[in-house]
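> What shape does this take:
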Amino acid sequence: MPLQMLLPRKVPGTVSERPDNSGQGDECSVASNEDIFGRMVEQAFEELPTEYREACKDLSIRVEELASAEVMSALHLTDPHQLLGLYHGISLAKKTTFQVQMLPNEVLIYREAITAYAAARGYALRDVVRHVLVHEIGHHFGFSDADMEAIERQE
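Here you go, the predicted model:
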């Protein structure tokens, strides 16, 4: 299955594209519960096609509140709400059989940043969670941000 089938429909980037909150505030307040949000991430992963889930067998997916100070500094960001997710590791496209990897490949999903983003823009939280998860998994497969933006523009 090509990656464009994996990527969700584009999550619009401006409030004017989704002018009303249509009840999303309730979903976002419920998702402030760590367990509920974690289940949303698990469900988004389980909805991916089998071949992509299998290719992620060595990928750790963790939920954290916000990006750490170290991550913020490394990425030259000032506000932890600027970062919704992060892929850390060696992508499948660059991995060789001769590499010894000390740390696991991982996707970090930042719950507070995603919840605030969805609430402020009136997006369905599940859509944003899935979009961020798929985006970060895309990095695991070796796609750059520009690659994924190009794929989304084709839809």
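
> So in this protein, which helix runs the longest?
Across the chain, the longest stretch assigned as helix under DSSP state H is helix 125-140.

> C-terminal to that helix, what's the next element?
helix 145-154 (DSSP states H and E).

> can you give me the angle that following helix makes with helix 125-140?
Between helix 145-154 and helix 125-140, the angle comes out at 130 degrees (axes from the mean of the first three to the mean of the last three CA atoms, to 10 degrees).

> which helices and strands does helix 145-154 pack with?
helix 3-6, helix 125-140 (3 or more CB pairs under 8 Å, 6 or more residues apart in numbering; DSSP states H and E). From N, CA and C alone the C-beta is placed, and that goes for glycine too.

> Out of those, which is the most enclosed?
Scoring the helices and strands packed on helix 145-154 by mean neighbour count under mean count of other CB atoms under 10 Å gives helix 125-140 as the most buried, with a mean of 22.

> got the CA coordinates for that helix in PDB?
The C-alpha atoms that make up helix 125-140 are tabulated as PDB, following Å, rounded to 0.1, in the frame of the first residue of the first chain:
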ATOM      1  CA  LEU A 125      -8.800  15.500  18.600                       C
ATOM      2  CA  ARG A 126      -8.700  12.000  17.100                       C
ATOM      3  CA  ASP A 127      -7.900  13.500  13.700                       C
ATOM      4  CA  VAL A 128      -5.000  15.500  15.100                       C
ATOM      5  CA  VAL A 129      -3.700  12.500  17.000                       C
ATOM      6  CA  ARG A 130      -3.800  10.300  13.900                       C
ATOM      7  CA  HIS A 131      -2.200  13.000  11.700                       C
ATOM      8  CA  VAL A 132       0.700  13.500  14.100                       C
ATOM      9  CA  LEU A 133       1.200   9.800  14.600                       C
ATOM     10  CA  VAL A 134       1.200   9.100  10.900                       C
ATOM     11  CA  HIS A 135       3.500  12.100  10.300                       C
ATOM     12  CA  GLU A 136       6.100  10.800  12.800                       C
ATOM     13  CA  ILE A 137       5.900   7.200  11.500                       C
ATOM     14  CA  GLY A 138       6.500   8.700   8.100                       C
ATOM     15  CA  HIS A 139       9.900   9.900   9.400                       C
ATOM     16  CA  HIS A 140      10.500   6.300  10.500                       C
END
